[in-house]
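Colleague: pasting the sequence and the predicted coordinates here, then a few questions.
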Amino acid sequence: MAQLIIPTPLRKYTANNATFTTDSITIEQAIEELTNEYPEVKPHLLDASGRIRSFIKVFVGEDDIRSLNGEQTELKDSDVVSIVPAIAGGAL
Amino acid sequence: MQEEIQLSKEELARYSRHIIIPEFNIEGQKKLKAAKVLVIGTGGLGSPMLLYLAAAGVGTIGIVDFDVVDDSNLQRQVLFDVKDVGRPKVEAARERILGLNPHINVIAYNEHLSSKNALEIFKDYDVVADGTDNFPTRYLVNDACVLTGIPNVYASIYRFDGQVSVFNYNNGPNYRDLYPEPPPPGLVPSCAEGGVLGVLPGIIGSLQANEVIKVITGIGETLSGRLFSFDALNFTTRIFKVAKDKNNPLTGEHPTLKELIDYQQFCGIVPEAVPVVKEISVQELKQKFDAKEDFQLIDVREQHEYDFVNLGAELIPLNSITEQQHRIARDKPVVVHCKAGTRSAKAIAALEQYGFTNLYNLKGGIVAYAKEIDTRLPVY
């Protein structure tokens, strides 16, 4: 089972869970599974057309999925998937 | 240039713990003395950075900030003292780091970094260290560094999370390769929901200072092409690879950005349109309390804000206001408040769609009430 790491700013939408384990075989499916389980997180991860938002990076291990196979990147059991949003500090 | 740089007897003594490190030695120390580093922001990240860079002997340090020291800064901005509250940050910072190291030169820019002044300020520096607290300035600093060819040592924090990287160094990636676009304003937590663990910028700002010193001296391997990420809550550290993006508008295959732009606009930040609604001043609210008038007081902030300070109002957070409208009276005046008046104006505008005509927005919110009426109340 691959493991998704939920960043702290999004944990309030995942019942404060920091990780999510998945049997999905691609990034796209894993994120779909996550957003089905926690619908509130969806608008924060995906844009209206269902693509991962441009201020969110997804890494498998240390590699950006952009340098792998994008959202079709396949997941192995031992993979750790990190969701890393842009953060800018306290003020906005 | 290093050949011309000399260290006095006092400096040799002061920096002896650097000089006796074989990889660092006197050459590293001379490089530090010759270096000009511009620190953007004298907040949580800038505080440890400025202290360490000054202590380490960076010869010229520029500091940019437009803010004044506030009580609420002291929880994490260790550069400042109680006596500094109310002073311009760059002035207090300059005094503090010159007190720590009189052998350095400190230049204070008590101004807002903008597209108008950034290139002019940056051009005199060798390294920029970005310790700002908002997306428009992040992109401004990045773009100005790329346009002037200056490395950008980057760090960012939010609540329990920290990130560090080195951008635009030795032909490496920049911030736009990592994050092409900022989040739209509605999707990021607002200042009221934000917050940061006080010690986190101490940790992350120190790592940032470490990268600045490595960029200057050329020792070790910087975080160029890598993003360091720290979760203070779980104590998880990770390092990710950052690759160049061929679509980067500054440095990609078809660059379209050749000059600085309007970064507020780029980040989708338009001056917030506050709905025009009926208002009541904090003095008028006080009179209503004193006269024991029959009215309802509604607070549309979040529970954690309410727990921090409240006026005894009924709490109905903005995002549930229309669902909870049955709790709001229609037969007497209702005063609605939030922290500063924006959320409550939105709440009233939303409720007026449902036919409410008896709602009044508390001008300036609970902050104004705390400042003008009841100074025992804490502000945030």
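Modeller: Noted; the coordinates are in hand.
Colleague: please pull out the lowest mean pLDDT helix or strand from the chain.
Modeller: Picked chain A for this. When each helix and strand of chain A is scored by mean pLDDT, DSSP states H and E, helix A:42-45 comes last, with a mean of 90.
Colleague: wrong one, I was asking about chain B
Modeller: helix B:263-266 (a mean of 89).
Colleague: using PDB, write out every CA atom in it.
Modeller: C-alpha atoms of helix B:263-266 as PDB (Å, rounded to 0.1, in the frame of the first residue of the first chain):
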ATOM      1  CA  TYR B 263       2.400  41.000  -8.200                       C
ATOM      2  CA  GLN B 264      -0.800  41.800  -6.300                       C
ATOM      3  CA  GLN B 265      -2.600  41.300  -9.500                       C
ATOM      4  CA  PHE B 266      -0.600  38.200 -10.400                       C
END
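Colleague: who does that helix touch, helix- and strand-wise?
Modeller: On a contact count with 3 or more C-beta pairs under 8 Å, 6 or more residues apart in numbering or on different chains; DSSP states H and E, helix B:263-266 meets helix B:135-148. Placement of C-beta: from N, CA and C, glycine included.
Colleague: residues contacting the helix or strand just after the helix it packs on, please?
Modeller: The helix or strand immediately downstream of helix B:135-148 is strand B:152-158, counting by DSSP states H and E. By C-beta atoms under 8 Å, 6 or more residues apart in numbering or on different chains, the surrounding residues in contact with strand B:152-158 are A:8-9, A:86-90, B:44-45, B:127-131, B:138, B:141-142, B:145, B:162-169, B:174-175, B:189, B:194, B:196, B:200-201, B:204-205, B:207-208, B:211-212, B:215.
Colleague: report the angle between strand B:152-158 and helix B:135-148.
Modeller: Interaxial angle, strand B:152-158 versus helix B:135-148 (axes from the mean of the first three to the mean of the last three C-alpha atoms, to 10 degrees): 170 degrees.
Colleague: strand B:152-158 pairs with which strands?
Modeller: Strand pairing for strand B:152-158, using DSSP bridges, gives strand B:127-130 (parallel), strand B:161-167 (antiparallel).
Colleague: I'd like the mean pLDDT over it, please.
Modeller: Regarding strand B:152-158, the rounded mean pLDDT is 95.
Colleague: now the least confident helix or strand of chain A - C-alpha only, PDB.
Modeller: Provided in PDB are the C-alpha atoms of helix A:42-45 (Å, rounded to 0.1, in the frame of the first residue of the first chain):
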ATOM      1  CA  LYS A  42     -10.900  18.200  -3.200                       C
ATOM      2  CA  PRO A  43     -11.200  21.900  -4.100                       C
ATOM      3  CA  HIS A  44      -7.900  22.500  -2.400                       C
ATOM      4  CA  LEU A  45      -6.100  19.800  -4.400                       C
END
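Colleague: how many neighbours does residue B:375 have?
Modeller: 10 (other C-beta atoms under 10 Å in any protein chain shown).
Colleague: hmm, back to that, now check the least confident helix or strand of chain A, is it near chain B?
Modeller: Yes: under the criterion of C-beta under 8 Å from any C-beta of the partner chain, helix A:42-45 makes contact with chain B via A:43-44.
Colleague: spell out which residues of chain A are next to chain B.
Modeller: Residues of chain A lying near chain B by C-beta under 8 Å from any C-beta: A:5, A:7-9, A:18, A:43-44, A:53-55, A:57, A:59, A:62-64, A:66-67, A:82, A:84-92.
Colleague: re the thing from before, name the residues of the least confident helix or strand of chain B that are buried.
Modeller: Going by neighbour count (16 or more other C-beta atoms under 10 Å in any protein chain shown), the buried part of helix B:263-266 is B:263-264, B:266.
Colleague: and residue B:216, how close does it get to chain A?
Modeller: Distance check for residue B:216 against chain A: by C-beta to the nearest C-beta, to the nearest Å, it reads 24 Å.
Colleague: I meant to write residue B:25 there.
Modeller: 33 Å.
Colleague: ok, now which ones touch the residue nearest to that residue when sequence neighbours are not counted?
Modeller: Excluding its sequence neighbours, the residue lying closest to residue B:25 (C-beta to C-beta, 6 or more residues apart in numbering or on different chains) is residue B:19, at 5.9 Å. Applying C-beta under 8 Å, 6+ apart, we find residue B:19 in contact with B:12, B:25-26, B:28-29.
Colleague: and those, which are buried?
Modeller: Of the contacts of residue B:19, these count as buried by 16+ other C-beta under 10 Å: B:28-29.
Colleague: out of the contacts of residue B:19, which sit inside helices?
Modeller: Using DSSP state H, B:12, B:25-26, B:28-29 are the members of the contacts of residue B:19 that sit in helices.
Colleague: from those residues, pick the one nearest chain A.
Modeller: Using C-beta to the nearest C-beta, residue B:28 is the member of these that lies nearest chain A, at 29.4 Å.
Colleague: OK, contacts around that closest one?
Modeller: Applying C-beta under 8 Å, 6+ apart, the residues near residue B:28 are B:18-19, B:21, B:217, B:219.
Colleague: hmm, 7 Å instead?
Modeller: For residue B:28, the contact set (C-beta atoms under 7 Å, 6 or more residues apart in numbering or on different chains) comprises B:18, B:217, B:219.
Colleague: coming back round to it: the contacts of residue B:19: which two are farthest apart?
Modeller: Greatest spatial distance in the contacts of residue B:19: B:12 and B:28, 13.2 Å, computed using C-beta to C-beta.
Colleague: contacting residues around residue 35?
Modeller: By default, I'm working from chain A. The contact partners of residue A:35, by C-beta under 7 Å, 6+ apart, come to A:41-42, A:45-46.
Colleague: other chain: chain B
Modeller: With contact taken as C-beta under 7 Å, 6+ apart, residue B:35 is in contact with B:58-59, B:126-127, B:216.
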